[in-house]
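Asks: need a 3D model of the sequence below.
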Amino acid sequence: MKTLTLGKTGLTVSELCLGTMTWGTQNSEAEGHAQADMALDAGVTFWDTAEMYPVNPVRAETVGRTEAIIGTWLAARGGRDRLVIATKITGKSQFTRPGLPITGASLRAAVEGSLQRLQTDYIDLYQLHWPNRGSYHFRQAWRYAPTGVDKAAETASMTDILTAAQGLVAEGKIRAIGLSNESVWGAARWLHLADSLGLPRMATVQNEYSLLCRQFDTDWAELSLIEDMPLLAFSPLATGLLSGKYAGDVIPDGSRRSLNPDLSGRITPQVFPAVAAYLGIAARHGLDPCQMAIAFCRTRPFRTIPIIGATTLEQLRINIGAASVTLSDVVLAEIAETHRAFPAPY
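Replies: Numbering: from 1, shown residues only. Model prediction:
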């Protein structure tokens with residue numbers, strides 16, 4: 001497994017990141033520990049979680065359980081310094097801080113809670129799960145209207161959060177801070193405030209990215225590359241659609257779709273023809289479709305680290321294997337042609 005430097009943080013991470021959001025719902029603690037063991041054995045030392053996890057569904061009684069499972073793994077296995085752990089503060093959530101925005105005070109409280117559940121003294125990368133002002137992610141782009149944003153209020157809020165982050169970095173509780181589900185304007189504002197006020201710089205952004213969801217490819221790509229803000233690409237398999245397991249509009253028992261039938265708005269009349277086209281490319285070239293999809297993310301001109309998740313060890317083994325896959329120019333050309341035919345299937 002290759003390693004790389006995570007933007008300007010000085011952290012060294014594996015080229016794939018282990019996603020853990022099913023640990024505590026679709027996966028038991030023992031299954032989560034087994035996935036952790038397999039990932040570490042394969043050199044996947046960068047792991048991502050969040051205070052609200054697990055998902056599918058998110059429930060008040062399970063919030064924080066994923067972090068707790070990582071914590072019991074760390075307590076049993078030791079070797080915290082072998083890992084780079086990323087987690088997130090939720091923001092306006094009915095299960096953590098009902099209706100309340102992220103503030104400097106809530107950031108500090110959330111960090112303390114995550115440290116306790118993770119059974120660690122520090123968090124390597126602490127992310128804001130989504131902006132206080134809302135965003136266009138999770139299929140909200142179709143009705144997105146960025147109106148009513150008070151720039152002065154947003155600036156004050158961001159400054160408060162960055163000031164709290166500065167204190168947490170100084171105390172050794174977090175090493176870097178990052179974004180998630182953010183826009184280009186938001187990221188640029190965060191960077192401007194950090195640079196002008198001498199506060200911690202947002203190091204990364206975790207947005208959705210896959211063969212089926214390529215919103216990042218234009219303005220975001222430019223900012224990411226020039227500002228050295230890597231993309232942590234969540235759902236690189238489009239919640240399993242690109243594996244082909246839902247082809248023919250089937251819903252396998254125990255799958256994410258059995259718990260979330262429309263996959264959070266990803267099931268549309270256009271999506272299955274698009275999936276079929278990508279599955280066809282993989283079949284013609286003797287590629288596993290999951291590995292092709294993950295490997296594609298690693299070809300982008302901006303630094304991209306796919307977040308791979310699984311509910312079985314076999315799925316995880318296949319996904320980890322994408323690190324050794326190099327896509328040919330012919331495959332990339334066919335992917336580009338298919339993207340033009342199906343630019344936004346959901």
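Asks: ok, the residue at the greatest distance from the centre of the chain - contacts?
Replies: What lies farthest from the middle of the chain is Arg284; by Cα atoms, centre = their mean that is 29.8 Å. Shown in contact with Arg284 (Cβ atoms under 8 Å, 6 or more residues apart in numbering): Glu334. Where C-beta positions appear, they are placed from N, C-alpha and C, glycine not excepted.
Asks: give me the distance between it and Val331.
Replies: Look at Arg284 and Val331: by Cβ to Cβ, to the nearest Å, they are 9 Å apart.
Asks: name the residues contacting each of the two.
Replies: By Cβ under 8 Å, 6+ apart, no residue touches both Arg284 and Val331.
Asks: center of this structure, which residue is that?
Replies: Centre-nearest of the chain using Cα atoms, centre = their mean is Phe234, 3.6 Å out.
Asks: quick check: which element contains the residue nearest to that one when sequence neighbours are not counted?
Replies: The shortest distance from Phe234 to any non-neighbouring residue, by Cβ to Cβ, 6 or more residues apart in numbering, is to Ile307 (4.9 Å). For Ile307, the host element (DSSP states H and E) is strand 304-308.
Asks: average pLDDT for that strand?
Replies: Averaging pLDDT along strand 304-308 gives 98.
Asks: so how far is that strand from its chain's centroid?
Replies: Centre-to-centre, strand 304-308 and its host chain are 7 Å apart (Cα atoms, centre = their mean, to the nearest Å).
Asks: mind listing residues that contact the next helix or strand after that strand?
Replies: Going down the chain from strand 304-308, the next helix or strand is helix 313-320, by DSSP H and E. With Cβ under 8 Å, 6+ apart as the test, helix 313-320 has contacts from 1, 16, 34-35, 38-39, 42, 44, 237, 288, 290-291, 294, 308-310.
Asks: same thing but 7 Å
Replies: For helix 313-320, the external contacting residues (Cβ atoms under 7 Å, 6 or more residues apart in numbering) are 16, 34-35, 38-39, 42, 44, 288, 290-291, 294, 308, 310.
Asks: what helices or strands is the next helix or strand after that helix leaning on?
Replies: Scanning forward in sequence from helix 313-320 by DSSP H and E, the next helix or strand is helix 329-341. Counting contacts by 3 or more Cβ pairs under 7 Å, 6 or more residues apart in numbering; DSSP states H and E, helix 329-341 is packed against helix 271-284.
Asks: ok, residues contacting the strand holding Ile307?
Replies: By Cβ under 7 Å, 6+ apart, the residues outside strand 304-308 that reach it are 13, 15-19, 46, 48, 209, 230-234, 236, 294, 297-298, 319-320.
Asks: those in helices, which ones?
Replies: Counting by DSSP state H, the part of these found in helices is 294, 297, 319-320.
Asks: endpoints of stretch 84-96, how far apart?
Replies: 25 Å (Cα to Cα, to the nearest Å).
Asks: mind listing what's buried in it?
Replies: Residues of stretch 84-96 classed as buried by neighbour count (16 or more other Cβ atoms under 10 Å): 84-93, 96.
Asks: contact partners of stretch 321-331?
Replies: Contact with stretch 321-331 is made by 1-2, 15-16, 281, 285, 290-292, 294-296, 299, as judged by Cβ under 7 Å, 6+ apart.
Asks: ignore the last one, stretch 171-188
Replies: For stretch 171-188, using Cβ under 7 Å, 6+ apart, the contacting residues are 9, 11, 88, 111, 115, 122-131, 135-137, 165, 168-169, 190, 200, 202-207, 219-220, 223, 229.
Asks: buried ones among those residues?
Replies: Among the contacts of stretch 171-188, those scoring as buried are 9, 11, 88, 111, 115, 122-131, 135, 137, 165, 168-169, 190, 200, 202-207, 220, 223, 229 (criterion: 16+ other Cβ under 10 Å).
Asks: that'll do, ta.
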